[in-house]
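[1] Quick one: sequence and predicted model below, then my questions.
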Amino acid sequence: MTALLGLLGSGLGPAGIVAALVAATVAAWVYLGRAGALAVALLGLVLVAYVAGARQATVAADLATAYADTARAMAALAEERRQVTAAASIAAADARRAMAAEDAAEASTNRLRDLEASLTAKADTTCATADDARRLRDL
């Protein structure tokens, strides 16, 4: 059996193996007669079936590996999409906070400008009014 698997590994291929089995069967016929030829032919068929089964098992294992690789790739892709969605959500929240901070800064600037205008209009007064104190607190 190892020799037959070695023939497959050497690149002989299925047709070459069949030819080798036919040659072995003919040689067995010549040296051992009909019973020997039948025994060699049956053994050859068993070996061919074994090799074919081994090949099918290898292909099935390769297919299972490919399915597992595909499943891992799909899981990685789903995780990547989840991370991109989370990053987009975080970026949107950051943008909203930045716009709110800009709006608050603009409102503070306007209140400060109003307070400065009010204090400039009352330059001759020595103390601030309650309205001026409220405006300072609002800043």
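    Ah, there it is. Source: prediction; values computed, not measured.
[2] C-alpha from now on. contacts and neighbour counts both.
    Noted.
[3] what about V26, neighbour count?
    Neighbours of V26 under the rule other Cα atoms under 10 Å: 19.
[4] The residue of the chain most remote from its centre in helix, strand or coil?
    For the chain, the residue at maximal distance from the C-alpha centroid (Cα atoms, centre = their mean) is D124, at 74.3 Å. Counting by DSSP: H, G, I helix; E, B strand; the rest coil, the backbone at D124 sits in coil.
[5] Counting by contacts, list what the helix or strand where R81 lies packs against.
    Using DSSP states H and E, R81 falls within helix 13-121. Helix 13-121 is packed against helix 2-9, helix 130-138, with contacts defined by 3 or more Cα pairs under 8 Å, 6 or more residues apart in numbering; DSSP states H and E.
[6] doesn't V40 make contact with A28?
    Yes. A28 is in contact with V40 according to Cα atoms under 8 Å; the separation is 6.8 Å.
[7] got the contact list for A133?
    Applying Cα atoms under 8 Å, 6 or more residues apart in numbering to A133 gives no contacts.
[8] Okay, now the unreliable bits of the protein?
    The model of the chain has pLDDT under 70 over residues 1-17, 123, 126-128, 138-139.
[9] rerun that using 90 as the cut-off
    Counting by pLDDT under 90, the low-confidence segments of the chain come to 1-62, 108-139.
[10] one step back: and the angle for the helix holding R81 with helix 130-138?
    Interaxial angle, helix 13-121 versus helix 130-138 (axes from the mean of the first three to the mean of the last three Cα atoms, to 10 degrees): 160 degrees.
[11] Measure how far helix 13-121 is from the centre of its chain, please.
    Averaging C-alpha positions (Cα atoms, centre = their mean, to the nearest Å) puts helix 13-121 7 Å from its chain's average.
[12] just stretch 118-135 next, same as before
    67 Å.
[13] mind listing what's buried in it?
    Within stretch 118-135, the residues scored as buried using 16 or more other Cα atoms under 10 Å are L119.
[14] Need the distance between the two termini of that stretch.
    10 Å (Cα to Cα, to the nearest Å).
[15] okay, now A88: neighbour count?
    The burial count for A88: 12, using other Cα under 10 Å.
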